[in-house]
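[1] structural data only, the sequence is not supplied:
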């Protein structure tokens, strides 16, 4: 059974540009969440989607957005990139609903460098 | 942000010894706790989880202990191996009105000496 798949794995963008990251959850998983990981701030929650609806959102500016499709695949977008957006962006999926304590599995992440 | 990503604590152990990694969580309302292992260049890998109605849970070579009174979580690794070298994160499932999210600790870097 394939794990959580994220694309692209590595990318370099210029300040002011936008970027779209993609995530395919484990087959059958309907909940997808996104996290940002940086050396200075650690792992921080961005948002969570379940059945195409955003269930929860972290403390990030509106430049960070996401969506989930009917097949549970998810994308996140960052507009007007800043140097501080350089980070590892992680996608995680779970079988049903994180509130019920179902195991949450992470992908390998997308490494974004903003220059 | 909610996680404090400052200086990463480190733990150095000899191969074959037992390791104990500690974590303090913030929200007494959290009812689900998870330990993840993250190797360099990879995403966090699930190790073991525990619900708040339990004090202890055992897996293969790993044990998680939960002390709700002092909001403390620990991960014990038996017979630590070089392959256990990684950063270990505890996470709490924080319940919100619209769904759950994970709040991560800052992580502990485990180094295993052969």
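    Ah, there it is. Keep in mind that this is a model prediction, so the values were computed, not measured. Residues are numbered from 1 along each chain as shown, chains lettered A, B, ... in the order given.

[2] the helix or strand hosting residue A:33 close to chain B?
    Under the criterion of DSSP states H and E, residue A:33 resides in strand A:31-38. Yes. Strand A:31-38 comes into contact with chain B (Cβ under 8 Å from any Cβ of the partner chain), by way of A:31, A:33, A:35, A:38. To be clear about C-beta, it is placed using only N, CA and C from the backbone, and glycine gets the same treatment.

[3] who wins for most neighbours among the residues you listed?
    residue A:33 (29 neighbours; other Cβ atoms under 10 Å in any protein chain shown).

[4] follow-up on the earlier one: a markdown table for the residues of strand A:31-38 next to chain B, including pLDDT?
    Converted to a markdown table, those look like this (pLDDT from 0 to 100):
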| residue | pLDDT |
| --- | --- |
| A:31 | 89 |
| A:33 | 94 |
| A:35 | 97 |
| A:38 | 94 |
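
[5] which non-adjacent residue is nearest the residue nearest in space to the middle of chain A?
    By Cα atoms, centre = their mean, the mean C-alpha position of chain A lies nearest to residue A:34, the distance being 3.0 Å. Leaving aside its sequence neighbours, residue A:34 sits nearest to residue A:46 (Cβ to Cβ, 6 or more residues apart in numbering or on different chains; 4.1 Å).

[6] thinking again about what came up before, quick check, nearest of the residues of strand A:31-38 next to chain B to residue B:103?
    Proximity of those to residue B:103 (Cβ to Cβ) peaks at residue A:35, which lies at 10.6 Å.

[7] hmm, that closest one is touching residue A:93, no?
    No. Using Cβ atoms under 8 Å, residue A:35 is not in contact with residue A:93; the gap is 12.0 Å.
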